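Asker: Okay, predicted coordinates and the sequence, questions at the end:
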Amino acid sequence: MSGGTVETAADLPPEAREALRRLVIALADAKRLMGIRYSDWLLGAPSIETGIAASSMAQDEWGHARLLYAMLKAFDMDPVQVEHERPSDEYCSPDALDRPFEDWAEVVAGCVVIDGAISACLRSFAGGSYEPARSRVPKMLAEEEFHWDMAAAWYHRLANASEEARTLLRDATLEMLPSTLAWMAPDDSAANVLSDAGLTDSPGAIRSSFEAVVGPVLAELEVDLSTAEARSEGWDASRGRGPGGPDDDAIERARGDRNRMLFVE
Amino acid sequence: MHEAVYEVFARKERGEPLRHIGYIDAIDDALARVYAWKTYDEERWFEMCVVPRSSIIPVNRTDGPFAAAAPREERP
């Protein structure tokens, strides 16, 4: 990291500014989609308390997304357009959030792997030199501590439950991991530009931070995070993720299409 | 999976008495913390605690939820 702080994106050279814009949109979209996936489980979670927690976590994620989208004003972007008018193939969220979670094991795996990866990115961003992130992201991370506590407790519970539960959880974990690792710590020039400018940690350091937190939890199912490989076929460097995008239903909900005529912002 | 009842206590300000605000069901202490914090989030609590209902020792009542949940040797 460099010594000084960056007060506004306008102070950055073009390449770093563009890399930072990609990071902010990726984090905002990740939060928005994570919130949608949690919101699917307000009803149907294993208990009323778990559904209430999912509801609260969805609200947290959407609040974080709103704060991150607002940071795009520094890049001369209109957050309203970004939030409400983009098609699926412009979203920069993790590939593993492109479709709904099918069962509770997928929710738990997603909470550990995907939300864990988003938090690893945010820790790196909060510790970097970009002042808007240094001031706004720590509160998000404080709220995320409860998401993590819930994720780790449920992972432990299912990992020590029936063989069927263990299999579902392990399969979901292994399915989500490769693309999420690629999204979290991209092996591309934009990620290196960010770390060279002191705006984030290096991709390797972000991955190490993720492994330190998430690794011991995944080890309960003999998933060795240190040897897990990122999958980046069809890598879209403009979005920092693989090909495709979230399903149509999620995009309609994210944009508020069904109530567009009532939009008053 | 067996769920236990946890009583939830909280205070809004430092020095204010800790008061009973409700209860939640959870399968272990870790989830009890999360559920309590996420369920009773209508206030900006200064402090919140959860206690397994079975750990509460009734003093003067032989009926009600606390007496029913107390370990047998602790029951009045």
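Answerer: Ah, there it is. Since we're looking at a predicted model, the values are computed, not measured.
Asker: and residue B:49, helix, strand or coil?
Answerer: strand (DSSP: H, G, I helix; E, B strand; the rest coil).
Asker: Quick one, grab the pLDDT at it.
Answerer: pLDDT recorded at residue B:49 is 97.
Asker: Next, give phi and psi for the nearest residue to it once chain neighbours are set aside.
Answerer: Distance criterion CB to CB, 6 or more residues apart in numbering or on different chains; nearest residue to residue B:49, sequence neighbours excluded, is residue B:9 at 4.9 Å. Heads up, the C-betas are built off the backbone N, CA and C, glycines and all. The phi/psi pair for residue B:9 (degrees, to the nearest 10) reads phi -120, psi 150.
Asker: For residue B:9, which residues count as its bridge partners?
Answerer: Going by DSSP bridges, residue B:9 is paired in beta bridges with residue B:20, residue B:49.
Asker: how many neighbours does it have?
Answerer: Look at residue B:9: counted by other CB atoms under 10 Å in any protein chain shown, it has 18 neighbours.
Asker: Am I right that it is in contact with residue B:46?
Answerer: No. With contact defined as CB atoms under 8 Å, residue B:9 does not reach residue B:46; the gap is 11.9 Å.
Asker: ok, the residue nearest to residue B:49 - contacts?
Answerer: For residue B:9, the contact set (CB atoms under 8 Å, 6 or more residues apart in numbering or on different chains) comprises B:18, B:19, B:20, B:21, B:48, B:49, B:50, B:51.
Asker: with those in mind, which one is nearest to residue B:2?
Answerer: Using CB to CB, the shortest approach to residue B:2 within the contacts of residue B:9 belongs to residue B:50, at 16.8 Å.
Asker: Is it correct that residue A:29 falls within a strand?
Answerer: No. Using three-state DSSP, the assignment for residue A:29 is helix, not a strand.
Asker: Tell me the secondary structure at the closest residue to it other than its chain neighbours.
Answerer: Closest residue to residue A:29 apart from its sequence neighbours, by CB to CB, 6+ apart: residue A:93 at 4.0 Å. What three-state DSSP gives for residue A:93 is coil.
Asker: show me the residues around residue A:93 that make contact.
Answerer: Residues in contact with residue A:93 (CB under 8 Å, 6+ apart) are A:26, A:29, A:30, A:32, A:33, A:34, A:241, A:245, A:246.
Asker: how about the residues you listed in a markdown table, adding distance to residue A:42 and neighbour count?
Answerer: Converted to a markdown table, the contacts of residue A:93 look like this (distance: CB to CB, whole Å; neighbours: other CB atoms under 10 Å in any protein chain shown):
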| residue | distance to residue A:42 | neighbour count |
| --- | --- | --- |
| A:26 | 26 | 23 |
| A:29 | 21 | 27 |
| A:30 | 20 | 29 |
| A:32 | 16 | 25 |
| A:33 | 16 | 28 |
| A:34 | 14 | 26 |
| A:241 | 27 | 29 |
| A:245 | 24 | 24 |
| A:246 | 19 | 25 |
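Asker: By mean pLDDT, which helix or strand of chain A comes out lowest?
Answerer: The weakest-scoring helix or strand in chain A, judged by mean pLDDT, DSSP states H and E, is helix A:79-84 (a mean of 90).
Asker: For it, give me every contacting residue.
Answerer: A:25, A:28, A:32, A:69-70, A:72-73, A:254-256, A:260, A:263, A:265.
Asker: ok, back up a step: how close does the residue nearest to residue B:49 get to residue B:26?
Answerer: Per CB to CB, to the nearest Å, residue B:9 is found 15 Å from residue B:26.
Asker: in chain A, which spans are helices?
Answerer: Using DSSP state H, the helices of chain A run over residues A:14-39, A:48-70, A:79-84, A:104-126, A:131-159, A:163-184, A:189-196, A:203-218, A:248-255.
Asker: How about chain B?
Answerer: B:29-39, B:65-69.
Asker: And the pLDDT for the closest residue to chain B within the stretch 151-265 of chain A?
Answerer: Nearest residue of the stretch 151-265 of chain A to chain B (CB to the nearest CB) works out as residue A:153 at 3.8 Å. pLDDT for residue A:153: 96.
Asker: ok, it touching residue A:220?
Answerer: No. With contact defined as CB under 8 Å, residue A:153 does not count as touching residue A:220 (11.7 Å).
Asker: More neighbours: which of these two?
Answerer: Comparing residue A:153 with residue A:220 by other CB under 10 Å, the one with more neighbours is residue A:153, at 22 against 16.
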